[in-house]
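A.B. asks: Take this sequence and fold it.
(one chain, ligands or ions: 3)
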Amino acid sequence: MSTAPDVIRSAYVQLTVTDLAASRWFWVDMLGMHVQYEDEDALYLRGSDELTHHSVVLRTASVAALDHLAYRVRTPEDVDRAEKFFTELDRPVRRVPAGSGTRGVGDAVRVVDPLGIPVEFFHDIARGERLIQRYDLHRGAQIARLDHYNICTPDIPAAYEYYQSLGFGCSETIEGDGERELYAAWMFRKPTVHDVALTHGPGPYLHHIGMATHESHQVLRTADIFGALGKEHHIERGPGRHGVSNAFYVYLRDPDGHRVEVYTSDYFTGDPDYETYRWNVHDDRRRDFWGNAVIESWYKEASPVRDLDGHLQPIAEGDLDEFSIKVGADGLGIVKPS
Ligand SMILES: O=S(=O)(O)c1ccc(O)c(O)c1
Ligand SMILES: [Ca+2]
Ligand SMILES: [Fe+2]
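C.D. replies: Numbers count the residues shown, from 1 in each chain. Ligands and ions are numbered 1, 2, ... in the order given. Sure thing, here's the model as predicted:
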């Protein structure tokens with residue numbers, strides 16, 4: 001196998017949305033993301049800490065779906081390595097020369113990865129004005145940066161092995177007692193809990209985009225703002241404290257149903273001898289450290305994904321069903337004798 005591209009981090013996501021004005025209200029007015037560029041067909045957004053052109057691109061289309069996830073790679077040569085790596089895997093590969101792809105992004109390559117997820121690898125991207133201390137412009141949820149993707153796939157061991165082949169570390173897992181009974185895995189290149197999370201289920205689907213804030217009070221304030229405006233139906237799960245990652249979170253659904261997690265306070269994973277922390281699927285604290293139930297839609301709903309020609313991808317079913325384990329964090333808790 002040829003050398004894998006040197007991925008630095010999860011860098012941007014391109015989604016299609018059916019109503020750009022409604023999406024602008026959610027992602028700009030409510031989440032507080034900054035508009036780097038907009039026209040009648042698209043919005044290019046970034047968080048206050050982000051120095052590159054965008055981390056979220058919203059493009060108008062008749063169906064809401066994932067256009068592609070994008071990883072930034074360390075050098076321009078890593079774009080060539082990505083092209084070679086996925087060509088050797090006999091996956092769909094398309095070179096996207098500078099100026100012909102996403103605004104602000106240079107030479108790139110787009111692939112459909114072995115999990116059926118459309119992914120772009122790029123290095124060159126335009127810079128944006130430093131807004132880190134422009135507190136006068138920090139609004140709503142005060143999103144700082146894109147933190148991670150969460151994708152649904154029916155074969156977590158295979159997905160885990162694929163991301164390991166790309167040099168990703170594994171910070172945490174949720175496992176059953178059986179061989180290969182792997183429900184979820186959190187994988188990273190940047191030294192935090194994850195750039196991508198693998199969630200068992202029918203797929204390929206995009207489960208959610210994790211957007212980071214600096215502090216938990218911003219997660220609480222996000223929920224308060226949606227409540228104050230009578231838009232609480234956009235709040236799907238939380239606020240709460242995750243078991244896995246230890247992050248404080250709230251999950252929202254945007255006007256098209258794309259799931260967005262506002263997420264803060266996970267931890268450092270950058271030492272070379274970092275060891276994976278393994279949760280048992282029967283531990284009630286794994287999904288919510290306080291044992292709060294996880295609403296069914298969080299397990300059962302997700303965004304469809306497109307291929308390189310924009311067609312929606314077929315879905316394969318999985319063989320595990322974490323939602324069926326309805327104890328504590330996944331349903332009506334069975335109160336254990338203390
Ligand atoms: O619900 S989990 O604690 O498994 C969890 C941990 C980290 C995440 O980013 C997430 O979306 C979900
Ligand atoms: Ca709700
Ligand atoms: Fe997440």
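A.B. asks: From now on I want contacts and neighbour counts done on CA atoms only, so please keep to that.
C.D. replies: Fine.
A.B. asks: which bits of the stretch 101-250 of the chain sit near ligand 2?
C.D. replies: Contact residues, the stretch 101-250 of the chain versus ligand 2 (C-alpha under 5 Å from the ion): 233, 235-236.
A.B. asks: can you rerun that using 8 Å?
C.D. replies: Counting by C-alpha under 8 Å from the ion, the residues of the stretch 101-250 of the chain close to ligand 2 are 232-237.
A.B. asks: Can I get the buried part of these as one PyMOL selection?
C.D. replies: The buried residues among those can be selected in PyMOL (16 or more other C-alpha atoms under 10 Å) with this line:
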select buried, resi 234+235+236+237
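A.B. asks: Check the secondary structure at residue 59 for me.
C.D. replies: Assigned by DSSP: H, G, I helix; E, B strand; the rest coil, the conformation of residue 59 is strand.
A.B. asks: Could you tell me how many residues sit around it?
C.D. replies: Residue 59: 23 surrounding residues under other C-alpha atoms under 10 Å.
A.B. asks: Hmm, residue 42 and it touching each other?
C.D. replies: Yes: here residue 59 lies in contact with residue 42, judged by C-alpha atoms under 8 Å, at a distance of 4.4 Å.
A.B. asks: and for those two, which residues touch both?
C.D. replies: Common neighbours of residue 59 and residue 42 (criterion: C-alpha atoms under 8 Å, 6 or more residues apart in numbering): residue 20.
A.B. asks: if we can go back for a sec, quick one: which of the residues of the stretch 101-250 of the chain next to ligand 2 sit in strands?
C.D. replies: 235-237 (DSSP state E).
A.B. asks: Make JSON lines from those and add distance to residue 71 and pLDDT to it.
C.D. replies: Output for these, formatted as JSON lines (distance: C-alpha to C-alpha, whole Å; pLDDT from 0 to 100):
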{"residue": "235", "distance to residue 71": "28", "pLDDT": "98"}
{"residue": "236", "distance to residue 71": "27", "pLDDT": "97"}
{"residue": "237", "distance to residue 71": "27", "pLDDT": "96"}
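A.B. asks: For those, give me a markdown table that also has distance to ligand 1.
C.D. replies: Output for those, formatted as a markdown table (distance: C-alpha to the nearest ligand atom, whole Å):
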| residue | distance to ligand 1 |
| --- | --- |
| 235 | 14 |
| 236 | 12 |
| 237 | 10 |
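A.B. asks: which one of those residues sits closest to residue 133?
C.D. replies: residue 235 (28.4 Å; C-alpha to C-alpha).
A.B. asks: OK, contacts around the closest residue to residue 29 other than its chain neighbours?
C.D. replies: Excluding the flanking residues, the one nearest residue 29 by C-alpha to C-alpha, 6 or more residues apart in numbering is residue 140, at 6.6 Å. Shown in contact with residue 140 (C-alpha under 8 Å, 6+ apart): 29-32, 221-222, 225.
A.B. asks: Considering the residues of the stretch 101-250 of the chain next to ligand 2, which is situated nearest to residue 63?
C.D. replies: residue 234 (19.2 Å).
A.B. asks: For ligand 1, what's its nearest residue on this protein.
C.D. replies: In the chain, the residue that lies nearest ligand 1 is residue 287 (3.5 Å; C-alpha to the nearest ligand atom).
A.B. asks: Test my guess that that residue contacts residue 238.
C.D. replies: No: judged on C-alpha under 8 Å, residue 287 makes no contact with residue 238 at a distance of 10.8 Å.
A.B. asks: Looking at those two now, which is surrounded by more residues?
C.D. replies: Using other C-alpha under 10 Å, the more surrounded residue of residue 287 and residue 238 is residue 287, with 24 against 21.
A.B. asks: And what about the more buried one, helix, strand or coil?
C.D. replies: On the basis of three-state DSSP, residue 287 is classed as coil.
A.B. asks: got the contact list for the closest residue to residue 267 other than its chain neighbours?
C.D. replies: Among residues not flanking residue 267 along the chain, residue 192 sits closest, at 5.7 Å (C-alpha to C-alpha, 6+ apart). Contact partners of residue 192, counting by C-alpha under 8 Å, 6+ apart, are 266-270.
A.B. asks: Just the terminal-to-terminal distance for stretch 119-130.
C.D. replies: End-to-end span of stretch 119-130 (C-alpha to C-alpha, to the nearest Å): 27 Å.
A.B. asks: now swap in stretch 270-280 and tell me
C.D. replies: Termini of stretch 270-280 sit 24 Å apart (C-alpha to C-alpha).
A.B. asks: That stretch: which residues count as buried?
C.D. replies: Under the neighbour-count criterion of 16+ other C-alpha under 10 Å, stretch 270-280 has residue 279 buried.
A.B. asks: roughly how far is it from the heart of the chain?
C.D. replies: Distance, stretch centre to chain centre, for stretch 270-280: 20 Å (C-alpha atoms, centre = their mean, to the nearest Å).
A.B. asks: if we can go back for a sec, need the overlap of contacts for residue 287 and residue 238.
C.D. replies: Residues touching both residue 287 and residue 238 (C-alpha under 8 Å, 6+ apart): none.
A.B. asks: for the residue of the chain closest to ligand 1, phi and psi?
C.D. replies: phi -90, psi -40 (degrees, to the nearest 10).
A.B. asks: same question, residue 189
C.D. replies: Torsion angles at residue 189 (phi, psi; degrees, to the nearest 10) stand at phi -120, psi -50.
A.B. asks: Moving along the chain from the lowest-mean-pLDDT helix or strand in the chain, name the first helix or strand you hit.
C.D. replies: Least confident element among the helices and strands of the chain, by mean pLDDT, DSSP states H and E: helix 296-300 (a mean of 92). Beyond helix 296-300 on the C-terminal side, the first helix or strand identified by DSSP states H and E is strand 303-304.
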